[in-house]
Each structure stands twice: as structure tokens, then as C-alpha cells.
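[1] 3D model of this:
(one chain, ligands or ions: 2)
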Amino acid sequence: MTKLSVNINKVATLRNARGGNIPNVIKVATDCENFGAEGITVHPRPDERHIRYQDVRDLSPVVTTEFNIEGYPSKDFLELVKEAKPAQVTLVPDPPHVLTSNAGWTVKGNESLLEEVIAELKSINARVSLFMDAHSTEFEAVKKLGADRVELYTEEYATQYPKDKIQAIAPFKEAFKRANDLGLGVNAGHDLSLENLAFLHQEIPGILEVSIGHALIADALYYGLENTIQMYKRCLMK
Ligand SMILES: CC(=O)[C@@H](O)[C@H](O)COP(=O)(O)O
Ligand SMILES: NCC(=O)COP(=O)(O)O
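    Ligands and ions are numbered 1, 2, ... in the order given. Okay, the predicted model is just below:
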């Protein structure tokens with residue numbers, strides 16, 4: 001069964017816009033879980049443009065499903081994660097000022113960093129996932145580093161989907177098989193939406209978790225948060 005982890009970065013974007021605490025990020029996370037989310041994902045960036053480090057500390061004791069913290073393994077990020085002790089950490093190679101995540105890891109040249117960080121995260125019993133491009137030829141290296149999962153970076157799928165969904169899904173089906181054959185679990189995320197999620201699930205039902213934020217929160221403006229979460233979950237039931 002593919003789990004839905006709701007990324008609440010954009011709830012924090014709205015909250016920060018006015019400097020107060022509306023919407024309350026902690027309450028939204030709890031409500032998302034009550035509405036059916038099977039995980040909460042956050043991506044605290046160095047500039048704290050949306051999720052703040054304090055949000056992560058405040059969320060840690062209240063998230064009752066799976067808490068997934070994404071980010072680049074800087075010293076500050078690792079200290080925060082060791083405080084929060086989430087179920088899963090998704091390592092993303094984002095430079096500090098990137099607009100949004102826009103690439104998967106290149107393991108070559110990052111082996112010692114990743115090996116050290118993965119060992120450190122395993123020591124706090126976190127499941128470790130690496131954000132990877134579907135075309136990556138480094139899944140075996142990811143496995144050797146001790147990671148548990150890869151998260152397939154699905155922007156390319158979302159962009160291609162409206163043009164040719166069969167062509168869009170092909171590299172992701174192939175990547176799923178390569179990763180799965182190595183014993184790596186497979187997550188997926190970035191730009192997934194009500195438009196493209198059902199086909200992704202239909203074609204790759206073995207994906208363990210999708211983390212979805214931007215489109216889901218935008219959809220909630222029209223359909224309401226509870227209804228939207230249920231709409232996304234129905235895409236994962238067929
Ligand atoms: C890693 C990834 O693709 C997303 O989870 C990322 O967290 C999106 O970040 P923004 O919400 O800052 O665009
Ligand atoms: N890992 C993907 C994620 O958490 C959310 O990405 P997006 O849906 O905001 O593009």
C-alpha cells in the first residue's frame with residue numbers, strides 16, 4: 001500500500017507571510033493526520049523561508065503517524081534531526097538558496113559525507129532515504145552506503161505527464177525495478193498532483209510512500225483540506 005505523507009512546507013509559507021501564527025502549523029499537521037494523512041513531511045531550509053527549525057521541534061512530539069524530515073545534511077540540519085528523532089530522514093542535495101529541490105544526489109564525490117551522515121542517522125534509528133533522479137545509475141552505491149530507501153524525484157514525470165504519460169512513466173518504472181531489485185525501498189515526490197498521481201500508482205503500485213505538498217495545499221484552497229487529503233488517498237486506492 002502506498003502511504004500519503006503530506007508536506008506542510010506551504011502552510012508555513014502562509015503563516016510566515018503575516019508574521020503571526022495563522023495558520024497554526026502544528027494544528028494543521030494534527031488535522032492532516034486526522035483527515036487520513038499517513039505521514040507528515042517537512043523540509044526545513046537554512047533560510048527558514050517556510051518551515052522553521054522550531055516548527056520541527058514542536059512537531060516532533062505531536063506527529064503520531066510517520067514524521068519525515070527532508071533536507072541537506074548540514075551540521076545544523078543534523079543537530080535538529082537528532083533532537084527531533086523522526087521516523088525517516090530524506091537527504092536532499094539542495095544548495096541553500098535553490099528555489100525548490102531540483103536534483104537528486106550524485107553519490108560520486110559525496111561518498112564520505114553520505115556514509116558518515118547515514119551512519120549517524122541510523123544511530124538514532126531513523127530510516128534513511130536519498131532523493132534520487134530516476135535516471136541515476138548509482139542505486140547500488142546508495143545501497144552500499146547503508147540507505148534504506150530512495151525517493152524518486154518526480155518533477156520530470158509531472159512535466160512530461162500531460163504530453164505523453166506512457167513516455168513519462170517509463171524511466172520511473174525502470175528505476176523502481178532497479179532500486180527494488182537491490183533491496184532498496186522506493187518513495188516518490190515532487191510536483192505530484194491530482195492530475196498525475198493515480199497513473200503513477202497504477203503503473204508503480206509498489207511505491208511505499210509519496211510525499212506531496214505544493215499541489216495538495218493549493219488544491220485545499222478550493223476543495224478544503226479534509227476533502228483534498230481524501231481525494232489524494234483515493235488516487236492511491238485503485
Ligand atoms: C525534496 C522535494 O522535492 C520537496 O520535498 C521539497 O521539500 C519542496 O521544497 P519547497 O516546499 O521548499 O519547494
Ligand atoms: N519530497 C517531495 C515533497 O515532500 C513535496 O514536494 P511537492 O509536492 O511540494 O513538490
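[2] what's the burial count for Val117?
    Here the number of neighbours of Val117 (other C-beta atoms under 10 Å) works out to 23. (Glycine included, C-beta is placed from N, CA and C.)
[3] so who does it touch?
    Counting by C-beta atoms under 8 Å, 6 or more residues apart in numbering, Val117 touches Pro73, Leu78, Leu91.
[4] go on, Leu91?
    Neighbours of Leu91 in contact, by C-beta under 8 Å, 6+ apart: Glu70, Gly71, Tyr72, Pro73, Trp105, Leu114, Val117, Ile118, Val128, Ser129, Leu130, Phe131.
[5] sketch out the helices for this structure, chain order is fine.
    9-18, 25-34, 53-59, 75-84, 111-122, 139-145, 155-160, 165-181, 197-203, 214-223, 225-234 (DSSP state H).
[6] so what does the longest one touch, helix or strand wise?
    For helix 165-181, the contact count by 3 or more C-beta pairs under 8 Å, 6 or more residues apart in numbering; DSSP states H and E identifies helix 139-145, strand 149-153, helix 155-160, strand 185-189, helix 197-203 as packing neighbours.
[7] using a markdown table, lay out the ones you listed together with distance to Ile212, mean pLDDT and mean neighbour count.
    Output for the helices and strands packed on helix 165-181, formatted as a markdown table (distance: least, C-beta to C-beta, whole Å; pLDDT from 0 to 100; neighbours: other C-beta atoms under 10 Å):
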| stretch | distance to Ile212 | mean pLDDT | mean neighbour count |
| --- | --- | --- | --- |
| helix 139-145 | 23 | 98 | 18 |
| strand 149-153 | 12 | 98 | 26 |
| helix 155-160 | 11 | 98 | 18 |
| strand 185-189 | 7 | 99 | 25 |
| helix 197-203 | 7 | 98 | 19 |
